[in-house]
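J.: The following block contains a protein sequence and its predicted model.
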Amino acid sequence: MKKIYIAGCGGMLGEAFYKVFRDEYILKCTDKDVNENWLTYLDFRNFDLYKIDVEDFKPDYLFHLGAYTDLEYCELNPDDTYLTNTIAVENAVYIANKLNIPLLYISTAGIFDGKKEMYDDWDMPNPLGVYARSKYMGERFVVENSRHYLVCRAGWMMGSGPSKDKKFIQKIMKQIKQGNKTLNIVNDKDGTPTYTHDFATNVKLLIEKELWGLYNMVCGGQTSRIEVATELLKILKMEKNIKINPVDSDYFKDIYFAERPPCERLENRKLRLRNTNIMRDWKIALQEYIENYYQGYLE
């Protein structure tokens with residue numbers, strides 16, 4: 001069995017990677033937040049400790065997953081953001097190159113400025129804020145300096161349930177659990193949901209086929225925040241009990257003050273052309289996610 005070192009594995013994406021890869025690979029999963037019994041402590045911002053830990057494990061692959069994804073935190077803490085989202089990625093490149101092993105890096109649809117209606121793998125990014133710049137600079141360093149790499153761009157992430165999901169679906173589920181009968185949902189943001197399990201499964205396919213490079217990797221079907229919230233209520237059979245109130249992004253400007261692109265829609269063109277796109281439609285993935293992770297949550 002081949003070995004994978006997964007750094008920054010304590011979040012919503014790390015949980016999916018652990019579950020998808022654990023049966024066929026020997027894993028070492030680390031994070032600075034040890035919140036599972038299969039995690040051990042490592043802060044990958046410490047280059048020396050990161051290097052020693054990976055070299056001692058002698059992996060066949062290095063997966064670098066962790067990042068700050070809270071855009072407001074990133075705007076307020078740019079040095080910490082670049083250290084975590086960019087410099088630490090450079091550390092991972094140095095380590096993987098020294099060991100001559102492939103590196104996986106997770107990028108984001110947020111690196112685009114949102115002026116187009118759709119972005120394929122070859123569109124030129126134009127990041128708007130600290131978070132987007134930090135992620136794009138990490139992406140560029142991997143592409144320009146790694147010997148073997150996979151860069152996979154995710155969209156609106158969903159996965160891992162109430163304990164680790166800090167994104168849109170959990171925010172809506174929390175409001176419903178609190179008894180809210182009206183949901184204020186922005187009507188000026190378009191994108192593509194990405195189910196963590198589908199994402200990890202598609203990464204696994206590319207790893208096994210040794211199809212290195214940069215890929216958009218989002219669920220099928222282009223959509224908006226309003227449509228995702230509407231579909232969520234349908235899945236929960238609550239569309240008659242809870243009202244969606246459309247608002248523009250300025251409604252939340254005091255809470256979400258970091259600039260966000262109006263459109264983050266990605267197309268998996270490269271996966272499709274290589275016949276390796278196994279990402280399912282976002283509605284199917286969302287239903288599976290709710291069924292698998294939110295049983296009894298609203299009771």
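T.: That came through fine.
J.: just checking, Tyr293 touches Ser160?
T.: Yes: with contact defined as CB atoms under 8 Å, Tyr293 counts as touching Ser160 (7.0 Å). C-betas here are computed from N, CA, C, even on glycine.
J.: can you pull the contacts of Asp31?
T.: Taking CB atoms under 8 Å, 6 or more residues apart in numbering, we find Asp31 in contact with Ala7, Gly8, Cys9, Gly10, Gly11, Gly14, Leu39, Tyr41, Leu42, Gly66.
J.: now do Lys116
T.: If you count contacts by CB under 8 Å, 6+ apart, Lys116 has them with Asp123, Cys263.
J.: Name the nearest residue to Gly231, sequence neighbours excluded.
T.: No, residue 231 isn't Gly; it's Glu. Nearest residue to Glu231, sequence neighbours excluded (CB to CB, 6 or more residues apart in numbering): Lys283, at 5.7 Å.
J.: tell me which element that neighbour falls in.
T.: Per DSSP states H and E: Lys283 is located in helix 282-293.
J.: The residue nearest to Glu231 reaches Thr230, doesn't it?
T.: No: contact criterion CB under 8 Å: Lys283 and Thr230 do not qualify, at 10.6 Å.
J.: Burial check on the nearest residue to Lys209 once chain neighbours are set aside, number of neighbours?
T.: Leaving aside its chain neighbours, Lys209 sits nearest to Thr276 (6.7 Å; criterion: CB to CB, 6+ apart). Using other CB atoms under 10 Å, Thr276 has 17 neighbouring residues.
J.: Assign Thr276 to helix, strand or coil.
T.: At Thr276, secondary structure determined by DSSP: H, G, I helix; E, B strand; the rest coil is coil.
J.: Retrieve the pLDDT associated with it.
T.: With respect to pLDDT, Thr276 scores 98.
J.: Need phi/psi at it.
T.: Main-chain torsions, Thr276, degrees, to the nearest 10: phi -130, psi 20.
J.: For the helix or strand hosting Asn202, name the packing helices and strands.
T.: Per DSSP H and E, Asn202 falls inside helix 196-209. In terms of contacts (3 or more CB pairs under 8 Å, 6 or more residues apart in numbering; DSSP states H and E), helix 196-209 is packed against helix 12-21, strand 149-154, strand 156-158, helix 282-293.
J.: Following element in sequence after that helix, please.
T.: Proceeding N to C from helix 196-209, the next assigned helix or strand is strand 213-216, under DSSP H and E.
J.: what packs against the helix or strand just after that following strand?
T.: Once the chain leaves strand 213-216, the next helix or strand it forms, by DSSP H and E, is strand 223-224. In this structure, strand 223-224 packs against strand 190-191, with contacts taken as 3+ CB pairs under 8 Å, 6+ apart.
J.: any idea of the mean pLDDT in the strand it packs on?
T.: Rounded mean pLDDT across strand 190-191 is 93.
J.: again with stretch 39-47
T.: Model confidence over stretch 39-47 averages 97 on the pLDDT scale.
J.: Flag every buried residue along it.
T.: For stretch 39-47, the neighbour count (16 or more other CB atoms under 10 Å) marks Leu39, Leu42, Asp43, Phe44 as buried.
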